[in-house]
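Q: what's the 3D shape of this:
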Amino acid sequence: MIEARHLRVLRAVARSRSFSAAARELGCTQPAVSQQMKALEGAAGTPLLVRGAREMRLTEAGEVLVRHADGILAGLTAAEEEVAAIAGLRAGRVRLASFPTGSSTLVPSAVADMRARHPDTRVSLVEAEPPQSVDLLRAGDCDIALAFRYVDLPTPAEESWADLVVRPLLADRLVGVVPESHPLAAVGPAPVPFAALADEQWIAGCPRCRRHLVEVCERAGYTPRIDFATDDYPAVVGLVAAGLGIAVLPELALASVRTDGVAVLRMEPAVEREIVALTLPDLAQVPAVDMMLARLARAAMRPRLQAA
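A: Model prediction:
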């Protein structure tokens, strides 16, 4: 019989190609990893690894088992949580993965609300930008992934969410950020076309945001000159305030940083990114996960975020 603990070991060995590295990842000893791999190969009835001088590689059977392991472990986690709730334990665990802006705006109030109403539910958080956060979800390493995508760009096939439960949270508009001394700072509420920024020096964000900035500017007829790139939004605002360039930021980001020394512009054409909470269909039935999804949706409706 193939056991879940053996699948977790196989997945760790497949990632690291080493018993010792897998042992460090799993917090156990190398002999324990070796023993569990032997037990798994015995249960499978065929070798799963080819042990080379420098590293190990999977056999064809090993590749098949690893390919199925993620879904099996995610389904098992969902089953364990749901059974625990049915048994009346009134406890649970929710593991969140969120991009930094979501971590600083949506997550705090949602988790605080969850703990106030369900103090026995454990909530943890790791930060990851999409698509990495979505990969963590599919691998069974988190229960809910906060993610975003730009609504004006086609979604690549490899980044499809068709197999996931999608809970829309917020439409997050992009705004221009310029130094207070910039001539455009005086335009007031009038929209500023992207085409008017062709000669500017730019400060860009995360890789996905940089790609989107280039796409938007190229549609306006030019390629932006990007002098600085950082996914730290306070750093972006600080660089802009120092007169080192301009930027386009999500309004959600401005809800969590100081904006001293900069002016915020309404851009034309208007561009938005869609903020969502994602989970697996099985996990959506787990009470703790369902409750956290509801708390995240409530956090997205806060007046401060809606006004952003």
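Q: what stretches of the stretch 101-250 of the chain score poorly on pLDDT?
A: 157-158 (pLDDT under 70).
Q: would you map the strands across it?
A: Along the stretch 101-250 of the chain, counting by DSSP state E, counting those that start in this stretch, strands occupy 121-127, 144-150, 165-179, 192-193, 201-204, 225-229, 247-250.
Q: for E268, find the nearest of the ones you listed.
A: Nearest to E268 among the strands of the stretch 101-250 of the chain is strand 192-193 (4.8 Å), distances taken as C-beta to C-beta. From N, CA and C alone the C-beta is placed, and that goes for glycine too.
Q: what's in contact with that closest one?
A: G176, L184, A220, L265, R266, M267, E268, P269 (C-beta atoms under 8 Å, 6 or more residues apart in numbering).
Q: ok, the most centrally placed residue in the chain - contacts?
A: For the chain, the residue nearest the mean C-alpha position is S133 (3.2 Å; C-alpha atoms, centre = their mean). Residues in contact with S133 (C-beta under 8 Å, 6+ apart) are A97, S98, F99, C142, A145, L146, A147.
Q: the same query, at a cut-off of 6 Å, please.
A: When contacts are counted by C-beta atoms under 6 Å, 6 or more residues apart in numbering, S133 touches A97, A145, A147.
Q: most widely separated two among the contacts of strand 192-193?
A: It's L184 and P269 that sit farthest apart of the contacts of strand 192-193, by C-beta to C-beta, at 16.6 Å.
Q: figure out the helix or strand that G42 lives in.
A: Taking DSSP states H and E as the criterion, G42 maps to helix 30-44.
Q: what's the answer for A253, then?
A: Here A253 is assigned to helix 251-254, by DSSP H and E.
Q: following that helix, which helix or strand comes up?
A: Taking DSSP H and E, what comes next after helix 251-254 is strand 262-268.
Q: so which elements touch that following strand?
A: If you count contacts as 3 or more C-beta pairs under 6 Å, 6 or more residues apart in numbering; DSSP states H and E, strand 262-268 packs onto strand 165-179, strand 192-193, helix 233-241.
Q: out of those, which gets nearest to A69?
A: strand 165-179 (21.3 Å).
Q: now the closest one against helix 233-241, angle please.
A: Per axes from the mean of the first three to the mean of the last three C-alpha atoms, to 10 degrees, the angle that strand 165-179 makes with helix 233-241 is 30 degrees.
Q: quick one on the thing from earlier: from the chain's centre, how far out does the helix holding G42 sit?
A: Averaged C-alpha coordinates place helix 30-44 at 33 Å from its chain's average position (C-alpha atoms, centre = their mean, to the nearest Å).
Q: please enumerate residues in contact with it?
A: Counting by C-beta under 6 Å, 6+ apart, M1, I2, H6, V9, L10, F19, S20, A22, A23, P47, L48 sit against helix 30-44.
Q: can you flag the buried ones in those?
A: By neighbour count, with 16 or more other C-beta atoms under 10 Å, the contacts of helix 30-44 hold H6, V9, L10, F19, A22, A23, L48 as buried.
Q: with respect to E82, which of the residues you listed is nearest?
A: Among the buried ones among the contacts of helix 30-44, and counting by C-beta to C-beta, the member closest to E82 is H6, at 23.0 Å.
Q: pretty sure the closest one sits in a helix.
A: Yes - checked against DSSP: H, G, I helix; E, B strand; the rest coil, H6 lies within a helix.
Q: same question for the helix holding G42: list its buried residues.
A: Per 16+ other C-beta under 10 Å, helix 30-44 contains these buried residues: V33, S34, Q36, M37, A39, L40, E41, A44.
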